[in-house]
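Student: can you look at this prediction? I've put the sequence above it.
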Amino acid sequence: MSITMQRLNLTHPLHFVIGLTLWCIWFVAVYGGHAVACSVAPPAPEQGIFTLVNAMLLVVSIAAIALLAALTVGCCRMAKRHEGRLRFNATVSAGLYLFSTLGVVFAAMPIMGIPPCL
Amino acid sequence: MTTINREATPEGDNIKGPNQLHNDLHDIWGNPRGLKALTIVNHTTLGLRFMVTGMVFFLIGGLLAMLVRTQLALPDQDFMSPDIYSQVTTMHGTVMMFLFAIPMLEGLAIYMIPKMIGARDLVCPRLTSLGYWCYLFGGIILSFSLVLEMAPDSGWFMYTPLSSSEYSPGLGSDFWLLGITFVEISALSAGVELVVSILRTRTQGMALHKMPLFAWYILAMALMIVVGFPPLILGSILLELERAVGMPFFEVAGGGDPILWQHLFWLFGHPEVYIIFLPAAGIVSTLIPVFAGRPIVGYGWVVFAITVTGFISFGLWVHHMFTVGIPQLAQAFFSAASMLVAVPTAIQVFVWLATLWLGKPKMKLPMLWIVGFLIIFVCGGLTGVMLALVPFNWQVHDTHFVVAHMHYVLVGGMFFPLIAGLYYWLPLFSGRMPSETLGKWGFWLTFSGFNGTFLIMHWTGLLGMPRRVYSYETGMGWDIFNLLSSMSSFIMSAGIAMVLLDFALHFRFGKPAKHNPWNADTLEWANSMPPSAYNFVSLPKIETRHPLWDDPDLPRTMAEGQHSLAVATHGRREMWGTDPLTGKVREIIHLPGNSWWPLFAAMALAVVCVSLLTRLYPLAGIAVVVAGLFLLRWSWENGAHPKAAPDAEVAPGDPPLHSRTMDGPGLWAMSITLLANGSFFLSYLFGWFYLWTVSPEWRMPETSPLSLVGLILAGVALTAGVVILEKLVRGLRQGKDAGLAVGMYSISALGFVQVAVTLWVLLSADLAVTETSHDAIIMVGLAYALLHGGLGAVLTLLQGLRVGYGYVGAHAPFEPAVVAQWWRYNLVTFWILVGALAVLPRVIGS
């Protein structure tokens, strides 16, 4: 894990955009995936939230949360190890990864409360 | 990539006096007069032209607003007919959004960014010029529709089917679609070069985390333009094709879907709000520390907030479409995202308040407008969060509540900071100070008039008054509110008139400004007032966020030529090319001089626009070719061309010229351009899959009409071209150019093979483009591939010729690397197109 984090070069400013790009990809995946699922195989309304569509969207969301959370932790660790420019980059990246993580958590909450395709 | 880690052009190395240096630099950078003033490419002049033109369009848009308020002042008015009223409201929104807000802020950025980052110009000066002319001509064409009483009348968002030929048979929608697309060339040009300029031309030592916050904001804005505008360009092209040729992209009977337009429009439209807000917030983040007399609290937090805003704003577009019948779960995603975007905005507000709290604020004129901004924008932000809630949104959809919210956000979030910024930088523009008395009168009239107009509009909206109705009956309970709203709007106009009067008068009667009159910290105040054409005699090494606070003597030493690049004997327009992260010097960027080509190209594009409008298609075709020739001729004068930099000699110790390296700014400009292109392509793919998935009458044939064999053959030719080109570029990196010309000609031939085979596939498919959206969208996809293939072939052909002329080779290896990017992009998109249009339908079926 730590070797992977080292390879990711978490002090590079590219990480300013990677977390939010992942958030965008997740967002498009759940919105588009929901639309396609409703078009191809809409579940019966009486199933409520206990549908394959909700389950799949939730799995994708949990995976996104796990990835983003790991990157948040990685950036925090990097920030402690450096000073100056590299510390600045890692700190801002950590904040952005954290925001992206919480962004997925917040925007995914309706998956656990609203049935799809209605 | 080479990074020069030493001090280039050692400071204090020049032997000429400051006046001689100034004269030498002026000879190279100075603006011509008379007719040749049309050739100017300098960012200071063009930034001012953008802003002055933007203010003219602002006056037109403002006049239209006053007509609207006059009409709505009393019930049952017949001051305007319904048709004219619709034209006036549509053009008010269109002019304010597309011809005032964006170009005005871009103009400010074009003017200010090089001065703030210690550069002498933007990185693609001719592109600045092309952008300005496209903006001017596009704006004139669009505005002329008002004079002809043919203005668009379907709302500034041009929803289909209202804007389609069935319900809008006149030329109004065409004026909008063609005019706006033309103007968007300008926005994209500025977006591309601002990104590259900020990343690659900061002065020596100005690392990313030392960059002025305004530059961060403009970087985000420019990237958002690059990604956000192409969906609308695609939508406009598709709708114009539907109107002009009958391709049914948005017509349900033909397999299209009008909701696709809404998606494409708002994919652009919502980020647009933040494209306007971010630079304005950049002004606020620049001014507050200056007037508080201390550094901003939480520089990193602001960078965080800018980045979050830039991304999340692309995830909100559906909140404009909550009433079109989207499933509840999908609405909930967008509702949540819409609330999320309030977080970075709130962070910025708290940062500004904390800076004021911890500093010693001076309530000078610009600060008055900043305080007005804080009050109005926070109110607008709060109603925005209300509108993010789906049930409330349904209740007030299409009412004056939304109009009020929008104006609180846009006027509060853009206009107030803009005026603050203009007052702040006025001494830099003119060397004179504005009148505090006139300015304060202007502020209070505008502030009270604005709130009187739009605060009341929240109530008329909550009482159920719909937007875009030209009249209303008395007795609805709206009369008094509308009257107050209209009266207040005239007070606001008086305030704005006073501000503009102050601006105009100060050039003649303003007190001469002392140097750095506000005691600011950023580099633009190291310029002379008004600035010279080259900004700085010498370029300093900057390793602090507050250069003028930390070294108040810096303007003097810069003007005396005690820093780098204080040499002009070579006759080139030069500035540093630096590492985007660290600010270490990599190369000397040499810029082109004044040129007629941008003006000529824009004029040819204007002919294209007008001839499409008047349905003179042969003329449009000829004008396209002419515009292409002008643009290619422009590209010819680059690198080692006699009009660019035939002599690569630099001062001892200085890095090489960018055209003699493999990593000049053109490479970055191409990358950013391809980012915009990629956004266009993804929007196209979205359209294809959207119609396939959602359109109620989508008709896909049992077997694909496209020849898979033909497409694969074309793809093989393209792939072979890329492989050879990569080999040649690798060779150039190693200093080898044997067989370069022949290689380029071979690649060009492969490109033409790809075009010919793709054309054959298109023609043999026998597409019924006016009958089904399926065939129409395939046609657009293949046309995209043809255009890219053709341009790639022509560019490599020109490279072959340039090798022959000696402009390209091991001594000047830069250009093939730029062209290779185009070919790589073409390769990726072509194979994706083959997969999406020809393979997937065969695999999945209809």
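Tutor: Looks like it came in fine.

Student: going forward, measure contacts between C-alpha atoms and count neighbours the same way
Tutor: Will do.

Student: give me the contact list for the helix or strand hosting B:Val819.
Tutor: Taking DSSP states H and E as the definition, B:Val819 sits inside helix B:814-833. Helix B:814-833 is contacted from outside by B:639, B:658-664, B:666-667, B:670-671, B:674, B:681, B:715, B:718-719, B:722, B:725-726, B:729, B:781, B:785, B:788-789, B:792, B:795-796, B:799, B:808, using Cα atoms under 8 Å, 6 or more residues apart in numbering or on different chains.

Student: surely B:Trp444 is in contact with B:Gly495?
Tutor: Yes: the pair B:Trp444 and B:Gly495 passes the contact test of Cα atoms under 8 Å, sitting 7.2 Å apart.

Student: so what's B:Val608 up against?
Tutor: For B:Val608, the contacting residues are B:Leu619, B:Ala620, B:Gly621, B:Ala623, B:Val624, by Cα under 8 Å, 6+ apart.

Student: at 7 Å instead, please
Tutor: B:Ala620, B:Ala623, B:Val624 (Cα atoms under 7 Å, 6 or more residues apart in numbering or on different chains).

Student: next one: B:Leu72
Tutor: Counting by Cα under 7 Å, 6+ apart, B:Leu72 has contacts B:Ser471, B:Asn482.

Student: three-state assignment of B:Ile588?
Tutor: Three-state assignment for B:Ile588 (DSSP: H, G, I helix; E, B strand; the rest coil): strand.

Student: and B:Pro816, how close does it get to chain A?
Tutor: The spacing between B:Pro816 and chain A, counted by Cα to the nearest Cα, to the nearest Å, is 26 Å.

Student: what's around that residue, how many residues?
Tutor: B:Pro816 has 25 neighbouring residues, counting by other Cα atoms under 10 Å in any protein chain shown.

Student: now the strands for chain A?
Tutor: Remark: no strands are assigned in chain A by DSSP state E.

Student: more neighbours: B:Trp444 and B:Gly495, which one.
Tutor: Neighbour comparison, B:Trp444 and B:Gly495: the larger count goes to B:Gly495, with 25 against 18 (by other Cα under 10 Å).

Student: in what helix or strand does the more buried one lie?
Tutor: Element membership for B:Gly495, per DSSP H and E: helix B:479-509.

Student: give me the next element, helix or strand, following that helix.
Tutor: The helix or strand immediately downstream of helix B:479-509 is helix B:547-550, counting by DSSP H and E.

Student: residues making contact with that following helix?
Tutor: Under the criterion Cα under 7 Å, 6+ apart, residues B:Ala520, B:Asp521, B:Thr522, B:Leu523, B:Leu554 lie in contact with helix B:547-550.

Student: nearest residue to the fourth one in space, please, no chain neighbours.
Tutor: So the one you mean is B:Leu523. Using Cα to Cα, 6 or more residues apart in numbering or on different chains and skipping residues adjacent in sequence, the residue nearest B:Leu523 is B:Met116, 4.9 Å away.

Student: need the contact list for the one you found.
Tutor: Applying Cα under 7 Å, 6+ apart, we find B:Met116 in contact with B:Thr522, B:Leu523, B:Glu524.

Student: nearest to A:Phe16 among the residues you listed?
Tutor: Using Cα to Cα, B:Thr522 comes nearest to A:Phe16 of the contacts of B:Met116, at 24.4 Å.

Student: what about the closest one, neighbour count?
Tutor: Per other Cα under 10 Å, the neighbour tally for B:Thr522 reads 24.

Student: can you check B:Leu667 too?
Tutor: B:Leu667 has 20 neighbours, counted by other Cα under 10 Å.

Student: close to chain A: what parts of the stretch 151-300 of chain B are there?
Tutor: Counting by Cα under 7 Å from any Cα of the partner chain, the residues of the stretch 151-300 of chain B lying close to chain A are B:His209, B:Gly300.

Student: what ranges does the stretch 151-300 of chain B have for its helices?
Tutor: Under the criterion DSSP state H, counting those that start in this stretch, the stretch 151-300 of chain B carries helices at the ranges B:172-200, B:213-244, B:258-292, B:299-312.

Student: and chain A, by the same measure?
Tutor: Secondary structure of chain A by DSSP state H: the helices cover A:2-7, A:15-40, A:52-81, A:84-108.

Student: ranking the ones you listed by mean pLDDT, which is last?
Tutor: Note on these: helix A:2-7 shows the lowest mean pLDDT, a mean of 74.

Student: can you pull the buried residues of it?
Tutor: A:Met5 (16 or more other Cα atoms under 10 Å in any protein chain shown).

Student: using PDB, write out the CA atom coordinates for it.
Tutor: What follows is helix A:2-7, C-alpha atoms only, in PDB (Å, rounded to 0.1, in the frame of the first residue of the first chain):
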ATOM      1  CA  SER A   2       2.700   2.500   1.000                       C
ATOM      2  CA  ILE A   3       4.700   1.600  -2.100                       C
ATOM      3  CA  THR A   4       1.700   2.300  -4.200                       C
ATOM      4  CA  MET A   5       1.200   5.600  -2.500                       C
ATOM      5  CA  GLN A   6       4.900   6.500  -3.100                       C
ATOM      6  CA  ARG A   7       4.500   5.700  -6.800                       C
END
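
Student: other SSEs contacting that helix?
Tutor: Taking 3 or more Cα pairs under 7 Å, 6 or more residues apart in numbering or on different chains; DSSP states H and E as the contact definition, helix A:2-7 has no neighbouring helices or strands.

Student: residues contacting it, please?
Tutor: With contacts defined as Cα under 7 Å, 6+ apart, helix A:2-7 is touched by A:Gly74.

Student: what count of nearby residues applies to residue 37?
Tutor: The chain I'm using is chain A. Residues near A:Ala37, counting by other Cα under 10 Å: 16.

Student: actually it's chain B I care about, not the one you picked
Tutor: 14.

Student: cool, A:Gln47 as well?
Tutor: Around A:Gln47 there are 11 residues (other Cα under 10 Å).

Student: check B:Asp553 too.
Tutor: Quick note: B:Asp553 (other Cα under 10 Å) scores 12 neighbours.

Student: check what pLDDT it gets.
Tutor: Here, the pLDDT recorded for B:Asp553 equals 94.

Student: and B:His570, by the same measure?
Tutor: Looking at B:His570, its pLDDT stands at 83.

Student: rewinding a little: and the contacts of B:Val608, which is closest to B:Leu767?
Tutor: If you rank the contacts of B:Val608 by distance to B:Leu767 using Cα to Cα, B:Ala620 comes first, at 23.6 Å.

Student: how much space separates that closest one from chain A?
Tutor: Applying Cα to the nearest Cα, the value for B:Ala620 to chain A is 38 Å.

Student: who's in contact with that residue?
Tutor: Contacts of B:Ala620 (Cα under 7 Å, 6+ apart): B:Val607, B:Val608, B:Ser611, B:Leu612.

Student: what about the spatially closest residue to the last one that is not a sequence neighbour, which helix or strand?
Tutor: Using Cα to Cα, 6+ apart and skipping the chain neighbours, the partner closest in space to B:Leu612 is B:Ala620 (6.1 Å). Element membership of B:Ala620 [criterion: DSSP H and E] is helix B:617-636.
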